[in-house]
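Participant: Any chance you can model this:
(2 chains)
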Amino acid sequence: MHPILAQLRRLLFYLLGWIPLAGMFTYLLAVPGNLTWFEAATVSFVLCLLYAFVCLAAWYPCMATPLERSTISRFLFTHIVGAAVASGIWLFAARILGRMLAGLDEFRGIDTRLAQDYPLIFGTGVLLYLLAVGFHYVLLAVEASREAEARVMKASVLAREAELRALKAQVNPHFLFNSLNSISALTTSDAVKAREMCILLGDFLRRTLGLGEKAAIPLEEEMSLVHAFLAVEKIRYGTRLHMEETVGADALDAQVPPLLLQPLVENAVGHGIANLIEGGWIRLKAERRDGDLDIVVENLFDPEAPPRRRSGVGLVNVRQRLEARYGDRAKFSTSIDGSTFRVSISLPVEVQERVP
Amino acid sequence: MTFEAGRKIRTMIVDDEDLARQVLREFLSAHPEIEIVAECANGFEAVKSAAELEPGLLFLDIQMPKLDGFEVLELIGANRAVIFVTAYDTFAIKAFEVHAVDYLLKPISAERFNAALERAKERLSGKTPSVPLPAMELAASARPPSQYLDRIPVRDGTSVFIIPVSKLDYAEAQDDYVALVAGGKKHLKQQTIASLEAGLDPSRFLRIHRSFIVNLERVVKIEPYGKDTHVAVLAGGVQLPVSRAGHARLRAFLDR
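Facilitator: Here you go, the predicted structure:
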């Protein structure tokens, strides 16, 4: 379908564009003196209205002769022939119009007088057609660039979706292996505690099940996941692990991506507490401020600890997920202050209406 | 140290988690030929106890406070049987490069544990040749190029020093040792200068002589010395010899 005929609005704009052309053509017809201004204007506007539609046909030769993939000879041949044919049609229309008008009193004898202007009409027809060819090439280029833009947009949306899928939050398997090893130790020394740990681990795993598929969960749910995780780690680390948390009551129903805090707390345990002989603390703060949810996770760490060989995988995952989901609207930063490691997150609050 | 019939194998367990040590203790209790001489919860303790107690067999966790398992092994020397015990399978290749007897993954099964112990006994009785010194040298040269050392642990008797490589001024080869000079203090480490060189970032450290590696940030100037040789003058005024090859490397580095 022709892009201009496809929308009425576009067609109106196109015809509006022809009004100055019709004005100029009136002038050209009146100047030689064969026609009066009134006759020239009448002939010009009728012919231009007709020719506006004839020139739309230039779209097809333009499509068939793309600028970047056609030889010059073919390009010239196509459009010169096109211009001659279009202008021929126009001339023929002028002749018919002349005869029809000649029957009216106001235009008596116009057909013979108009015949003297045939070379002028034909020449103008060729030029107007070539103008239409140029216009259609511009149109084609605009369409192509719009299509390319749409393709790029679509590709970036697809890439982001793929990225989100790949970043799907996962439970660190080493946490499982270590916990299972602890359970294995307890089975002979303290069967009751072994069972307790099995239940805690089961509780944690059940909560994480299917979480990766969800886009968001209330902070409250994420916190209970953190608690289930810490309950297991408490058995492994005993008194070395201290957790302090301050979560504002109004923050609990804010929606957060699942497994946002658990990896941060796991990181604090693995890179902080695990390297401290006497153990240490982890502090978690979450509060709503204006339209944002501010979260800070701090932990004590040993600046001289051996470099962990898989450091920061969890943190990088959280940062990338925030970026993919919120773009510039979320902030993620880490800082070190003496022997305190701090992760600060700020993300826009989204609250889901509770079903009563 | 080798295993002799009738003598118990002096064994150390190193893991920062009490429960993880408990599993190993339990498995070992089924083997009367084993004597647990120490249980350590961190790397410093492990190096200290190993120096004092001379164990023949070690069960070593990898990720621990203070020093990791590989650093502990580097400091206590490789002429003992070491079995790594960890939840991570990513260190297995490196573990065998440093001639670990075996590599046990948590949670540990009794069968797998016993198989590892058998291998350790074979190693200690000399049936399979134990590879003495160059263990850590292989480890250093096997390190992927992007992963250069950022600290060097050094043992002096039972105490351990950690030298961050940024504090290292220069290193000098002395027979089987290298002398590491940092902040005017000298620490001896049983290592060859070539393996140390392999572990250091070549954009920060340069071998300027058969026996010297220098921290390029410390070099103030290079002066000619004699006909073909030069000396490098460091920030503290120390002068180090620069060989002809070393001078060429230095020039190549400066031209880059």
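
Participant: Quickly list the domain ranges of the chain.
Facilitator: Just so you know, I chose chain A. A:3-166, A:173-348 (automatic domain parsing).

Participant: not what I meant, chain B
Facilitator: Split by automatic domain parsing, chain B gives B:9-136, B:143-255.

Participant: And those: which comes nearest residue A:25?
Facilitator: domain B:143-255 (73.8 Å; Cβ to Cβ). C-beta coordinates here come from the backbone N, C-alpha and C atoms, glycine included.

Participant: what about that closest one, near chain A?
Facilitator: Yes - against chain A, domain B:143-255 shows contacts by Cβ under 8 Å from any Cβ of the partner chain at B:150-151, B:162.

Participant: where does the stretch 51-200 of chain A dip in pLDDT?
Facilitator: A:162-170 (pLDDT under 70).

Participant: Could you list everything the nearest residue to residue B:167 once chain neighbours are set aside pairs with in the sheet?
Facilitator: Using Cβ to Cβ, 6 or more residues apart in numbering or on different chains and skipping residues adjacent in sequence, the residue nearest residue B:167 is residue B:182, 4.5 Å away. Beta-bridge pairing of residue B:182 under DSSP bridges involves residue B:168, residue B:185.

Participant: Spatially central residue for the chain, please.
Facilitator: You didn't pick a chain, so chain A it is. residue A:153 (4.9 Å; Cα atoms, centre = their mean).

Participant: please go with chain B instead
Facilitator: Note: chain B centre (Cα atoms, centre = their mean) maps to residue B:74, 2.1 Å.

Participant: Give me the next element, helix or strand, following whichever strand or helix holds that one.
Facilitator: Using DSSP states H and E, residue B:74 maps to helix B:69-76. Per DSSP H and E, the first helix or strand lying C-terminal to helix B:69-76 is strand B:81-86.

Participant: Which neighbouring elements make contact with that following strand?
Facilitator: Applying 3 or more Cβ pairs under 8 Å, 6 or more residues apart in numbering or on different chains; DSSP states H and E, one finds that strand B:81-86 makes contact with strand B:57-60, helix B:69-76, strand B:102-105, helix B:110-124.

Participant: of these, which approaches chain A most closely?
Facilitator: The minimum distance between chain A and the helices and strands packed on strand B:81-86 falls on helix B:69-76, with 6.0 Å, by Cβ to the nearest Cβ.

Participant: by contact count, what packs against that closest one?
Facilitator: Using 3+ Cβ pairs under 8 Å, 6+ apart: helix B:69-76 touches helix B:43-53, strand B:57-60, strand B:81-86, helix B:135-141, strand B:151-156.

Participant: Send me the helix or strand where residue A:51 lies as PDB with only the CA atoms.
Facilitator: Using DSSP H and E, residue A:51 maps to helix A:37-56. Presented in PDB, the C-alpha positions along helix A:37-56 are these (Å, rounded to 0.1, in the frame of the first residue of the first chain):
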ATOM      1  CA  TRP A  37      -5.800  34.900 -14.900                       C
ATOM      2  CA  PHE A  38      -9.200  33.400 -14.200                       C
ATOM      3  CA  GLU A  39      -8.800  30.800 -16.900                       C
ATOM      4  CA  ALA A  40      -5.200  30.000 -15.900                       C
ATOM      5  CA  ALA A  41      -6.300  29.500 -12.300                       C
ATOM      6  CA  THR A  42      -9.200  27.200 -13.200                       C
ATOM      7  CA  VAL A  43      -7.100  25.100 -15.600                       C
ATOM      8  CA  SER A  44      -4.100  25.000 -13.100                       C
ATOM      9  CA  PHE A  45      -6.100  23.900 -10.100                       C
ATOM     10  CA  VAL A  46      -8.100  21.200 -11.900                       C
ATOM     11  CA  LEU A  47      -4.900  19.900 -13.600                       C
ATOM     12  CA  CYS A  48      -2.800  20.000 -10.500                       C
ATOM     13  CA  LEU A  49      -5.500  18.100  -8.500                       C
ATOM     14  CA  LEU A  50      -5.400  15.400 -11.100                       C
ATOM     15  CA  TYR A  51      -1.600  15.400 -11.400                       C
ATOM     16  CA  ALA A  52      -1.200  15.100  -7.700                       C
ATOM     17  CA  PHE A  53      -2.600  11.600  -7.900                       C
ATOM     18  CA  VAL A  54      -0.700  10.700 -11.100                       C
ATOM     19  CA  CYS A  55       2.500  11.700  -9.400                       C
ATOM     20  CA  LEU A  56       1.800   9.300  -6.500                       C
END
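
Participant: Can you get me a residue count around residue 94?
Facilitator: Went with chain A since none was named. 24 (other Cβ atoms under 10 Å in any protein chain shown).

Participant: meant chain B, my bad for not saying
Facilitator: 19.

Participant: Can I get the helices and strands packed on strand B:81-86 in CSV including mean pLDDT?
Facilitator: Shown next, in CSV, are the helices and strands packed on strand B:81-86 (pLDDT from 0 to 100):
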stretch, mean pLDDT
strand B:57-60, 95
helix B:69-76, 90
strand B:102-105, 93
helix B:110-124, 93
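
Participant: Quick one, which of these gets closest to residue A:306.
Facilitator: Across the helices and strands packed on strand B:81-86, closest to residue A:306 is helix B:69-76 (Cβ to Cβ), at 6.0 Å.

Participant: Quick one: distance of the closest one to the chain centre.
Facilitator: 5 Å (Cα atoms, centre = their mean, to the nearest Å).

Participant: Ok, stretch A:270-282 next?
Facilitator: Worked out by Cα atoms, centre = their mean, stretch A:270-282 lies 43 Å from the chain centre.

Participant: Mind listing what's buried along it?
Facilitator: The neighbour-count check on stretch A:270-282 (16 or more other Cβ atoms under 10 Å in any protein chain shown) flags A:270-277, A:279-282 as buried.

Participant: which of the residues you listed sit farthest apart?
Facilitator: A:277 and A:282 (16.6 Å).

Participant: how far away is residue A:263 from residue A:26?
Facilitator: 76 Å (Cβ to Cβ, to the nearest Å).

Participant: Among those two, which residue is more densely surrounded?
Facilitator: When residue A:263 and residue A:26 are compared for neighbours, residue A:263 comes out ahead with 24 against 21, by other Cβ under 10 Å.

Participant: Could you find the closest non-adjacent residue to that one?
Facilitator: residue A:314 (3.7 Å).

Participant: lowest-confidence helix or strand of chain B?
Facilitator: helix B:135-141 (a mean of 50; mean pLDDT, DSSP states H and E).
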